[in-house]
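>>> got a predicted structure plus its sequence, pasted below:
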Amino acid sequence: MDIFANLALGFQVALTPQNLFFAFVGAFVGTLIGALPGIGPVTAIAVLIPFTFSLNPTSAMIMMAGIYYGSMYGGTITSVLLNTPGESASVMTCLDGYQLARQGRAGAALGIAAIGSFIAGTLSVVGLMLLSPVLVAFALKFGPPEYFGVMVLGLVTLAGLGGSSVWKALVMALVGLLLGTVGTDPIVGVTRFTFGQPSLWDGIGFLPVTMGLFALAEVLVSAEQLKNYQPVTAGLRWRELFPSWRDIWVSKGAILRGTIIGFLVGVLPGAGATLASFMAYAIERRLSRHPERFGKGAIEGVAAPESANNAATGGAFVPLLTLGIPGSGATAVMLGILLMFGLRPGPLLFETNPDFVWGLIASMYIGNVMLLLLNLPGVPIFASLTRIPYPVLMPAIVVFSVVGAYAVGNNLADALIALVFGVIGYFLRKADYPAAPLVLALVLGPMMEKSLRQSLVISQGDFSIFLTRPITAALLGLALLSLVGPMVVRWVGRWGGVGLQPVPAEGHREDIS
Amino acid sequence: MNLVSKLIPVGLLVLGIFAAYQARRLPPAYGGMSQDVLGPGFFPFWLGVAISAVSAVILLKEVVTRPREEPFLPPEGRWPVVILLAGTVLYVLLLETLGFVVDTFLFVGLILWLLGQGPAVSLGTAAVVGLGMYLVFVRLLGVSLPPGPFGF
């Protein structure tokens, strides 16, 4: 496979005026929605799904990738200006970003975030391009047991590294898997848990559940804070928008290290942008000659996590495109959209739809350029958005999510599912149960059960097939390690009397994006 | 807060037991063509068992830990949440009866007014959201939304 020929094909697809337009709209609208306080990338993507219904799959994915990137950057804006991260991946950005804003250097912080994100995004797309064909060649040899292993690893890692209680994350993943079994059995065709409702024969729609658990629940939680909501009046001037050359020079190491950490962590199924940004920040502080500056407005403290979470976004596309296995809430929603269009990502997609795969990869380059062009001069516009009174936006988000759920299958049942999960999600969120594992598990559930049962058909009922195939055994072993490892560390820590800090920072109850 | 944090694992425990019980009643594995060894009940049964086990652990931890003092809902947050929740339920239920445009207009307008926005802002936003989304989705993008008695 010739990468350059493929990439040329990709650019041919992505550079059509139509697709350029969709990349632009995606990045713009994504930033706009991501800049709303309390609204994370998953909600941004879910709420904007109806826009893609009339598009072809390639344009739809190009737009979705733009929304993903854009909403990540939008989250940075609220982190720096309001000290409220839209999602957990920008929690670390708050630490130094908000301090910089208080020192009147919000522009420098946002500028370095845009530059870091651009460099990281571009390099991670190069990584995606180089790594994908290798992984595809490898994945073609995968049988059902290996796929089962990868999915278990992805789910367990997301639960184990999500930041909140491992038990709560785990139970959410299990409930997601159970919800995935509703409907017609994938192998023998019996209906399960349908309770005589024909509308459940096709299973519980994954998009309505996401709209409920993320968009509706987020709006309800933020409604509580309505009385405390203070619009910011901090104006940004053009001249203050750009970081100085010194800022960029100081941050160059942080950006490069953040990119590498971010990409590698992003490729792992289940790890992701949040973990990447935590690690990048911690490493940067450790390496710094003046670690005491961190938390008081160090520009590297913004550059490192922002580069890392953007690189992780690119990395997250590697397992999604090559194995067809999403590793996070946001990529799970993307997979849901692809399946809606009848495209099943996986090693074969590179053979059957190269224009789609390489068009998407090329458009991610373009999306990065667009985001940089849009964001350096556009920051004052997006920043002024944080001044829109929040009450005005709440009913609008409700309308978007209800309409989105309704329009997926054109029936009221899906809107009702979104409503029910919105209410459930509100209570779960209040009690710190993360929603991302449930959503990911709901998508993976049917595939996971199918590969489990196919594996046992191969082995004629012998469960040792999961231990005798080396790749499967290694994947399952890793999964066990990432589940038990943190618990053991915590127990040992408590036993030794060492107070271990829990991972989540204050004031966020979002999940891995 | 304390009640909710205990009720959730209890609810999950019930869900797990119910799922395991229901899964037991599914037909056993078919032999024959599909050679399916596990059958349709295997996966949901063990999921039910696992959910019960994990939620029992969570419940135990909630009982053991010191109760949290904060109320589930801060008093000043109650009104907006109740308004928004009730409004959303009505909005979904009336969507097909009233049609998208009318239902959306009423929902957005009433919510904003009840949450303390002025009549001008409420009416203006309601009109922009209702008509704007109708034009963009139905007319421009061809997404079908419930029409209602007036045809829109």
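Alright, I've got the coordinates. Numbering: from 1, shown residues only, chains lettered A, B, ... in the order given.
>>> what about stretch B:122-138, average pLDDT?
Per-residue pLDDT values over stretch B:122-138 give a mean of 89.
>>> again with stretch B:3-17
Here stretch B:3-17 scores 92 as its mean pLDDT.
>>> quick check: buried residues in that stretch?
For stretch B:3-17, a neighbour-count test (16 or more other C-beta atoms under 10 Å in any protein chain shown) marks B:5-6, B:8-9, B:12-13, B:15-16 as buried. Quick note: C-beta positions are derived from backbone N, CA and C, even for glycine.
>>> hmm, who's touching that stretch?
A:171, A:175, A:178, A:427-428, A:430-431, A:433, B:47-56, B:58-59, B:62-63, B:68, B:72 (C-beta atoms under 8 Å, 6 or more residues apart in numbering or on different chains).
>>> change it to 6 Å
A:171, A:431, B:48, B:51-52, B:55, B:58-59, B:62, B:72 (C-beta atoms under 6 Å, 6 or more residues apart in numbering or on different chains).
>>> what's around the nearest residue to residue A:433 once chain neighbours are set aside, how many residues?
Leaving aside its sequence neighbours, residue A:433 sits nearest to residue A:168 (C-beta to C-beta, 6 or more residues apart in numbering or on different chains; 4.8 Å). The tally of other residues near residue A:168 (other C-beta atoms under 10 Å in any protein chain shown) stands at 24.
>>> residue A:168 touches residue A:436, doesn't it?
No. Residue A:168 lies out of contact with residue A:436 (C-beta atoms under 6 Å); the separation is 11.8 Å.
>>> could you pull out the strands for chain B?
For chain B, no strands are identified by DSSP state E.
>>> in it, which residue sits nearest chain A?
Nearest residue of chain B to chain A, counting by C-beta to the nearest C-beta: residue B:77, 3.2 Å away.
>>> how about that residue, nearest residue that isn't a chain neighbour?
Per C-beta to C-beta, 6+ apart, closest to residue B:77 is residue A:224, 3.2 Å.
>>> tell me the mean pLDDT over the host helix or strand of the residue nearest to residue A:433?
Using DSSP states H and E, residue A:168 falls within helix A:166-180. Over the span of helix A:166-180, the pLDDT mean works out to 93.
>>> also stretch B:65-80?
On average, stretch B:65-80 scores 76.
>>> quote the end-to-end distance of that stretch.
31 Å (C-alpha to C-alpha, to the nearest Å).
>>> report the buried residues of it.
Buried, per 16+ other C-beta under 10 Å, within stretch B:65-80: B:77, B:79-80.
>>> out of the contacts of stretch B:3-17, which end up buried?
Looks like the contacts of stretch B:3-17 have A:171, A:431, B:48, B:51-52, B:55, B:58-59, B:62 buried, using 16+ other C-beta under 10 Å.
>>> same list (these) but as a markdown table, adding distance to residue A:33.
Output for the buried ones among the contacts of stretch B:3-17, formatted as a markdown table (distance: C-beta to C-beta, whole Å):
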| residue | distance to residue A:33 |
| --- | --- |
| A:171 | 30 |
| A:431 | 26 |
| B:48 | 38 |
| B:51 | 34 |
| B:52 | 39 |
| B:55 | 34 |
| B:58 | 33 |
| B:59 | 37 |
| B:62 | 35 |
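>>> do a quick rundown of the helices in chain B.
B:2-24, B:42-64, B:75-98, B:100-114, B:119-133 (DSSP state H).
>>> excluding its backbone neighbours, what's nearest residue A:143?
Using C-beta to C-beta, 6+ apart, the nearest residue to residue A:143 is residue A:458, at 7.1 Å.
>>> residue A:153 versus the one you found, what's the distance?
Separation of residue A:458 from residue A:153 (C-beta to C-beta, to the nearest Å): 20 Å.
>>> please say which of the two ends up with more neighbours.
Each of residue A:458 and residue A:153 has its neighbours counted (other C-beta under 10 Å); residue A:153 has more, 26 against 16.
>>> and the host helix or strand of that one, anywhere near chain B?
Element membership for residue A:153, per DSSP H and E: helix A:144-161. No. Using C-beta under 6 Å from any C-beta of the partner chain, helix A:144-161 stays clear of chain B, with a minimum separation of 10.3 Å.
>>> and that helix, how far from the chain's centre?
For helix A:144-161, the distance from its own C-alpha centre to the chain's C-alpha centre is 17 Å (C-alpha atoms, centre = their mean, to the nearest Å).
>>> okay, angle between it and helix A:166-180 too, please.
140 degrees (axes from the mean of the first three to the mean of the last three C-alpha atoms, to 10 degrees).
>>> name the residues that touch stretch A:256-273?
Stretch A:256-273 is contacted from outside by A:89, A:120, A:123-124, A:127, A:153-154, A:157-158, A:161, A:275-276, A:279-280, A:304, A:307-309, A:311-312, A:315-316, A:318-319, A:327-328, A:512-513, using C-beta under 6 Å, 6+ apart.
>>> again but with stretch B:121-140, I slipped
Residues contacting stretch B:121-140 (C-beta under 6 Å, 6+ apart): A:392, A:396, A:399, B:101, B:104-105, B:108-109, B:112-113, B:143, B:145.
>>> dump the residue contacts of residue A:488.
Counting by C-beta under 6 Å, 6+ apart, residue A:488 has no contacts.
>>> let's see it at 10 Å
residue A:481 (C-beta atoms under 10 Å, 6 or more residues apart in numbering or on different chains).
>>> please identify the helix or strand for it.
Short version, using DSSP H and E: residue A:488 is in helix A:470-495.
>>> and that helix, what's buried?
Quick answer for helix A:470-495 (16+ other C-beta under 10 Å): A:472-473, A:475-476, A:478-479, A:482-483.
>>> could I get the buried residue list for the host helix or strand of residue A:375?
Element membership for residue A:375 (DSSP H and E) is helix A:354-385. Neighbour counts over helix A:354-385 (16+ other C-beta under 10 Å) mark A:354, A:356-368, A:370-372, A:374-376, A:378-380, A:382-383, A:385 as buried.
>>> what mean pLDDT would you report for it?
Predicted confidence along helix A:354-385 averages 80 (mean pLDDT).
>>> how about that helix, does it reach chain B?
No. Applying C-beta under 10 Å from any C-beta of the partner chain, one finds helix A:354-385 separated from chain B by no less than 15.0 Å.
>>> so how far is that helix off the chain centroid?
16 Å.
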